[in-house]
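Asks: what shape does this take:
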Amino acid sequence: MCLQPTLKDCQGWLRRFILLKLVTVLLFPHGASLPLLVSCVFSLRALMLLRSPHISTKPSTVLLTQLALADSLVWLHWGLCLGMSLCWWIEEIRSMRYTMIVLSQQLLDAHHLASLLLLGLLGLEAVLVSRWAQQTQRFRTSYWAQFCCSLVWMFVLLELVPRVLQDSRQQTYLSVLPAVSLSVRRVLWLLDSWLHYAIFNFKPQRRRASFY
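Replies: Model prediction:
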């Protein structure tokens, strides 16, 4: 792996990173340890490449950066599990074990949801570039990409916080969240699959703002 990769090397590697994320998110269970580990390692490399002067600040760069940063939730999950394993003998930790187990699982769920949303935005951006480049040019900017990423993280937090705070004594609207969350993920999975299938199976007319 060269220390100063060229633009072609960076783009080729980032295409492989997108393909890896698609396989990891769409085909593997979101709690599978080995695919998550490989994904996290690739995300670290992707973040380094995205800081390269060869990579311009296009919407796809913003979305890829956020997709790589989403793996920080996996690192938090592993850190929490490691902390529980190392500190099991501390009484305060033992009394909070159930809450910490729930939180660690919710971090994985939040990672899966964020990855689905960001992959969907990447797919949408690539489809717009390949089919309606001129018509959508004013919307395909770094500003709007950052704005969409902010909405993604707001949505993830809105789902994560109530589920973490929920306990067995509460019989409120929170009880319907798992079913709603599952439905949202299924819709996103289908949408992502369709978008990226269309991208990989139909040759785009232009590739100015995408790593595909």
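Asks: mind checking pLDDT for the spatially most central residue of the chain?
Replies: Centroid-nearest residue in the chain: Ser115, 2.2 Å away (criterion: C-alpha atoms, centre = their mean). For Ser115, the pLDDT comes out at 96.
Asks: on contacts alone, who are the packing partners of the helix or strand where it lies?
Replies: Using DSSP states H and E, Ser115 maps to helix 97-131. Packing partners of helix 97-131 (3 or more C-beta pairs under 8 Å, 6 or more residues apart in numbering; DSSP states H and E): helix 7-27, helix 59-69, helix 72-86, helix 142-165, helix 177-201. All C-beta atoms are positioned from the backbone trio N, CA, C, and that covers glycine.
Asks: so what touches the fourth one?
Replies: It refers to helix 142-165. Contact with helix 142-165 is made by 57-63, 66, 102-103, 106-107, 109-110, 113-114, 117-118, 121, 125, 174, 177-178, 181, as judged by C-beta atoms under 8 Å, 6 or more residues apart in numbering.
Asks: Produce a ChimeraX select command limited to the buried residues of those residues.
Replies: To isolate the buried subset of the contacts of helix 142-165 in ChimeraX, counting by 16 or more other C-beta atoms under 10 Å, use the following:
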select :58,59,60,61,62,63,66,103,106,107,109,110,113,114,117,118,121,125
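Asks: run through this protein and note the low-pLDDT ranges.
Replies: Within the chain, the stretches with pLDDT under 70 are 1-7, 54, 56, 88-95, 162-180, 202-212.
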